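In: pasting a predicted model and its sequence here:
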Amino acid sequence: MDKPKRLFLKSKRSFRRRLPPIQSGDRIDYRNMSLISRFISEQGKILSRRVNRLTLKQQRLITIAIKQARILSLLPFLNNEKQFEKTESTARTTTGLLIRNKKK
């Protein structure tokens with residue numbers, strides 16, 4: 001009547017522990033642009049804590065530093081260079097259409 005107990009053994013995969021993104025000597029400050037730029041996406045958004053692998057305290061300090069740098073114009077609020085290129089090209093075509101219409 002006794003059922004044999006099965007032990008669910010997890011595979012012992014070795015994994016390489018990742019280094020923390022902020023070293024102990026790094027200061028989290030709005031002037032430290034090389035540090036701050038690592039935590040911003042290509043669009044200029046602040047990356048989440050899960051993506052950054054930061055502690056809660058570090059994420060708060062990074063967020064405050066990024067916002068201060070944006071207010072002081074050290075960082076752009078939005079990084080929309082690609083959108084600007086698209087709007088510029090559409091502006092050229094619309095003016096071209098307007099010129100054509102005036103000639104007729």
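Out: Good, I have the coordinates. Numbering: from 1, shown residues only.
In: low-confidence stretches in the chain?
Out: 1-11, 81-104 (pLDDT under 70).
In: switch the cut-off to 50
Out: 84 (pLDDT under 50).
In: how about the helices in it?
Out: Along the chain, the segments classed as helices by DSSP state H run 33-36, 49-52, 56-71, 81-103.
In: contacts only, for residue 62.
Out: Contacts of residue 62 were listed using CB atoms under 8 Å, 6 or more residues apart in numbering, and they are 28, 36, 39, 46, 52, 54. C-betas here are computed from N, CA, C, even on glycine.
In: need those residues in JSON lines (columns: distance to residue 67 and neighbour count).
Out: Converted to JSON lines, the contacts of residue 62 look like this (distance: CB to CB, whole Å; neighbours: other CB atoms under 10 Å):
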{"residue": "28", "distance to residue 67": "12", "neighbour count": "20"}
{"residue": "36", "distance to residue 67": "10", "neighbour count": "21"}
{"residue": "39", "distance to residue 67": "12", "neighbour count": "23"}
{"residue": "46", "distance to residue 67": "8", "neighbour count": "17"}
{"residue": "52", "distance to residue 67": "16", "neighbour count": "17"}
{"residue": "54", "distance to residue 67": "16", "neighbour count": "21"}
